[in-house]
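**Student:** here is my input; please provide its structure:
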Amino acid sequence: MVQLKTEPAQLRRVAVASAIGTTIEWYDYFIYSTAAALVFGRQFFTTLSPASGTLAAFATLGVGFLARPVGGIVWGHFGDRIGRKAMLVLSLVLMGVATVGVGLLPTYGTIGVAAPILLLALRLLQGLSAGGEWGGAALMAVEHAPEGRRGRYGSFSQIGVPAGLILAQLVFFVLDAALTKAQFESWGWRLPFLFSIVLVAVGLVIRLRIEESPVFATLRDERARSTKPMLDVLRERPKELLIASGSFIANTAIGYVFLAYLLSYGTSVLKVSRTTMLVVVIVGSVTWLVSIVGSAIWSDRVGRRPVYLLGSVLLVVWSVPFFWLVDTRAAWLLGVAVVVLNIGLGLTYGPQAALYAELFEPRYRYSGASFSYAVGAVLGGGFAPLIATALQDATKTSLSVSLYMVAVGLISLAAVLALPRRTPTAG
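**Tutor:** Residues are numbered from 1 along each chain as shown. Reported below is the predicted structural model:
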């Protein structure tokens, strides 16, 4: 199968659409994570103790991950059948509707037990959207990319995660500075969710202007599309599904310890100011973004496997020193802790779009990539903040959380070691 060359203007448009679209998607996802750490326990689980309320809020965060494999299968099927672009538009709309819905949702004090039930339902919709969003954005970027630059262009879909996190944290930082604690907990927390409608409108305008993936267009023209893509990938590439899913477990588990649990731990256990913790998370996120781009470009030169190996080892060895530094409560040591951790996260996330595309044949690539990403996210990040909170609460020491991070890091390291030394390009 020959890939048609994408014109430079269209290539730039696809790169921007991939980056901005995933930034908006993950902004929506991360404001939920941040609100779960800061206020959801008191807003939707008021009959529970503060610690139990936080656990319940993180549980709704985790349940959203359970919907992601379903989203990956559904989006993957139609992405392989009718096209990448249509699924990207639909996923963005669904995420926007669910996020604005959270911003409008009455609290437990207003409608009782219906509030947490509706919160859970909206979180499931977010999970369905996220399950298919990444695969479409990643493949649009990689399948338009010139030969030898798939890592570079694939990184545009990857930077949406830290960029969305930075945007979410900046919004909460501004609100924290502008509002009193009472105002924030009463109505201010809703503003980031309602602001999503503006971002979604911008993202839709951009995504509607891009062309379909040339790889999919060729499949369609040659009538080579799979009729049952998920079944085909399960039958033909089971080993690749296991490797791809396993390689993502540590990144998403440790990533969610950083982006969701750390904020709650720093403010509630260590009693560090919310402003300081938000700044620390933003610094780590910027590091993550830069290391994603650098590692993706590097992977085009040396291969995906060496970059993944370096990042996987770093995540394992830094997990214990990470919390040693965090527990000092010193701002600059907190900064060092998150900077090094996020370099490891960047090394194991930057090349991911190109790696997944190269592991699966084009006719079932969306299904294979989306399902692997979603399963890795469920097994790793789905309940990581909940597990970390429970471990800290039970043991009263952050060492237990560090050992959990080491355990998931070793699982992904084993998967990365099973990667072929050269991943074949399948069109």
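
**Student:** pLDDT at A51, what is it?
**Tutor:** Per-residue confidence (pLDDT) for A51: 69.

**Student:** likewise A426?
**Tutor:** We have a pLDDT of 48 for A426.

**Student:** low-scoring stretches of the stretch 301-427 of the chain, by residue?
**Tutor:** 422-427 (pLDDT under 70).

**Student:** what sits against G368?
**Tutor:** G368 sits next to 76, 229, 233, 237, 240-241, 244, 356, 359-360 when contact means C-beta atoms under 8 Å, 6 or more residues apart in numbering. Using the backbone N, CA and C atoms, a C-beta is placed for each residue, glycine as well.

**Student:** by neighbours, which of those wins?
**Tutor:** Ranked by the number of neighbours (other C-beta atoms under 10 Å), the contacts of G368 place G76 first, at 30 neighbours.

**Student:** give me phi/psi at the closest residue to V406 other than its chain neighbours?
**Tutor:** With C-beta to C-beta, 6 or more residues apart in numbering as the measure, S319 is the residue that lies nearest to V406, at 4.8 Å, once sequence neighbours are left out. For S319, the backbone dihedrals (degrees, to the nearest 10) come out as phi -60, psi -40.

**Student:** what separation do you get for S319 and Y404?
**Tutor:** Computed as C-beta to C-beta, to the nearest Å, the S319 to Y404 distance reads 8 Å.

**Student:** and the two? Which one has more around it.
**Tutor:** S319 (23 against 19).

**Student:** doesn't L399 make contact with that one?
**Tutor:** No: with contact defined as C-beta atoms under 8 Å, S319 does not reach L399; the gap is 10.0 Å.

**Student:** overlap in contacts of those two?
**Tutor:** Counting by C-beta under 8 Å, 6+ apart, S319 and L399 have no contacts in common.

**Student:** burial of the nearest residue to G135 once chain neighbours are set aside, as a residue count?
**Tutor:** With sequence-adjacent residues excluded and distances taken as C-beta to C-beta, 6+ apart, G135 is closest to S370, at 3.3 Å. For S370, the neighbour count with other C-beta under 10 Å is 32.

**Student:** can you pull the contacts of S370?
**Tutor:** S370 sits in contact with 71-73, 75-76, 79, 131-132, 134-136, where contact means C-beta under 8 Å, 6+ apart.

**Student:** please redo it, this time with the cut-off set to 7 Å
**Tutor:** By C-beta atoms under 7 Å, 6 or more residues apart in numbering, S370 lies in contact with 72, 75-76, 131-132, 134-135.

**Student:** same deal with T34?
**Tutor:** Residues in contact with T34 (C-beta under 7 Å, 6+ apart) are 168-169, 172, 263.

**Student:** A17: what's it in contact with?
**Tutor:** Neighbour list for A17: 206-207, 210 [criterion: C-beta under 7 Å, 6+ apart].
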